[in-house]
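Enquirer: return a 3D structure for these sequence lines:
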Amino acid sequence: MLFQSIDFLFLFLPSIFFIYFFVSKHLSSISKYILIFAGIYFYSKWNIYHTPAIILSILVNYYISYQIVLTKKQKVKKRLLIYSIFFNIILLAFLKYSDFIILNINFLFNSNINKLNLPFPLAFSFVTFQTINYLVNCFDNEIKNVNFKNYFLFIIFFPQLIAGPIVKYNFMINQFDNLKNRYINKNNIIIGLILIFIGLFKKVIIADTLALNVDKNFLNYNQLELFSSWITSTSFTFQIYFDFSGYIDIATGIALLFNIRLPQNFNSPYKAVNMIDFWKRWHITLSNFLMNFIYYPWIKCIKNLDFFKSMLVTFAVFIIAGIWHGPSWLFIIFGALHGVGIVFNHIYNKLNLNMNKFLSIFLTFNYINLTFVFFRAENIESALGVIKSMFFFSGVNIYIIKNLDINSLIIFFISILIIFYFKNSNYLLDSYLKNKNEN
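Expert: So this is what the prediction gives:
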């Protein structure tokens, strides 16, 4: 079930909204079960055969978290945490990367191992990271009381289930437990609906229209020339921007209908002055997770840490970020290129060099655009084919230019204005909350 589908917008969402607040008013003790049921139903509509995997994850991790909180011995707590993280990573790797691993083994050793063809449960990457965050919080005594109903809701809350943001347990449960949030808030409904409308506009009108040229031209990459290759690559860079930010706006708006505020996860990333700044603005909660749960713990384990070693860790973390996006060498290359960009920025900063702000934004955007070619391409050959066309003049293919979708081109230029000259929807939400607090 997609956020932009008729079934979701006009049947599922209104039904859950009215049932939840009716139950919250008259039978508040079971109101959370309404959202749990909604989350399970929403998830199963994608593919009901994926649902057992997420249920298994919830059951196992709840049990382990309960043991972590209950146990007083630090060594036992640490052992349980390690086991739990290991379980979650192995489960994710088995479901998402088993065929990728088999393909590479077959290639390296000329073997013929059959692929498992396991259906990968949607959103499991996000669920895994959010679960690890929760388990570490239990270990650090930030979560002192575990509750199965609360934990189930924390994982399965449908607005942020599919693509984040990655949220903290206490941040969410404190809002669900707030008695004021169990009653309809007209102001939250208004701003929530505005955000949903903005998100739908980004996704349906902008992203899906840009996809017309992107899909066609990436399929026919060998016919691209200088002009059309740049239009194609940049169109996808805009497409993924509006896809992702549109989803976040819709998710934020839906959560706000239920009086739940999700953390900021997107902040005009194409206005970034360098790659470090980009990752502070793009998928903010993922960046925070990578820093807090992979980079910093890794750094602490290194003896005689110096700049070179820290940069190696930085690069490795972005390789992990690339793999996390999907079981493909294209995503690994994407992560590696971002790691190179981050390392370059750190070296640049260490040398105390300066650059004009607008030139920095221009160079950063174009480097990001280059990396997204690998994110979108079907294989390495097509990615290199598009990049070759972007940097080597090979004549003008009039056929390709004439067959560019005119609506996509109009949206392309509108996208430039929206991305670089307009304030993002976070500004709208923050301004609303600021005015609300002042009043």
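Enquirer: tell me where the stretch 101-250 of the chain has helices.
Expert: Counting by DSSP state H, counting those that start in this stretch, the stretch 101-250 of the chain has helices at residues 124-139, 148-156, 169-177, 186-200, 208-219, 226-257.
Enquirer: just the mean pLDDT for the longest one, thanks.
Expert: Pointing back at helix 226-257 there. Averaging pLDDT along helix 226-257 yields 94.
Enquirer: buried ones in whichever helix or strand comes after that helix, by neighbour count?
Expert: As assigned by DSSP states H and E, the chain's next helix or strand after helix 226-257 is helix 275-281. Residues 275-279, 281 are the ones in helix 275-281 that count as buried (16 or more other CB atoms under 10 Å). Where C-beta positions appear, they are placed from N, C-alpha and C, glycine not excepted.
Enquirer: do the same with stretch 236-246
Expert: For stretch 236-246, a neighbour-count test (16+ other CB under 10 Å) marks 236-246 as buried.
Enquirer: quick one: distance of it to the chain centre.
Expert: Relative to the centre of its chain, stretch 236-246 is centred 12 Å away, using CA atoms, centre = their mean, to the nearest Å.
Enquirer: chain neighbours aside, what residue packs nearest to I30?
Expert: V23 (6.2 Å; CB to CB, 6 or more residues apart in numbering).
Enquirer: the helices of the stretch 101-250 of the chain: which one's closest to S98?
Expert: In terms of CB to CB, the element of the helices of the stretch 101-250 of the chain nearest to S98 is helix 124-139, at 12.9 Å.
Enquirer: helices and strands around that closest one, which ones?
Expert: Here helix 124-139 touches helix 51-70, helix 74-109, helix 148-156, helix 169-177, helix 284-290, helix 307-325, going by 3 or more CB pairs under 8 Å, 6 or more residues apart in numbering; DSSP states H and E.
Enquirer: using CSV, write out every CA atom in it.
Expert: This file holds the C-alpha atoms of helix 124-139, laid out as CSV (Å, rounded to 0.1, in the frame of the first residue of the first chain):
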residue,chain,number,x,y,z
PHE,A,124,13.8,-4.3,7.1
SER,A,125,17.0,-2.2,6.8
PHE,A,126,15.3,0.6,8.7
VAL,A,127,13.8,-1.7,11.2
THR,A,128,17.2,-3.3,11.9
PHE,A,129,18.9,0.1,12.5
GLN,A,130,16.0,1.3,14.7
THR,A,131,16.1,-2.0,16.7
ILE,A,132,19.9,-1.7,17.3
ASN,A,133,19.4,1.9,18.4
TYR,A,134,16.7,0.6,20.9
LEU,A,135,18.9,-2.2,22.2
VAL,A,136,21.9,0.1,22.8
ASN,A,137,19.5,2.5,24.7
CYS,A,138,18.4,-0.4,26.8
PHE,A,139,22.1,-1.3,27.5
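Enquirer: who's in contact with L9?
Expert: F3 (CB atoms under 8 Å, 6 or more residues apart in numbering).
Enquirer: and it, what pLDDT?
Expert: 93.
Enquirer: that one and I113, how far apart?
Expert: Applying CB to CB, to the nearest Å, the value for L9 to I113 is 44 Å.
Enquirer: closest one to I320 out of the buried residues of helix 275-281, please.
Expert: W279 (13.3 Å).
Enquirer: leaving out sequence neighbours, find the closest residue to that closest one.
Expert: Per CB to CB, 6+ apart, closest to W279 is S287, 4.8 Å.
Enquirer: and for G164?
Expert: In space, and not counting its chain neighbours, G164 is closest to F126: 5.1 Å by CB to CB, 6+ apart.
Enquirer: and for the helix or strand containing the residue nearest to I30, what are the contacting residues?
Expert: Assigned by DSSP H and E, V23 belongs to helix 13-26. The contact list for helix 13-26 (CB under 8 Å, 6+ apart) reads 30-31, 34-35, 38, 182-184, 254, 257-258.
Enquirer: filter those to the buried ones?
Expert: By 16+ other CB under 10 Å, the contacts of helix 13-26 give 31, 34-35, 38, 182, 184, 254, 257-258 as buried.
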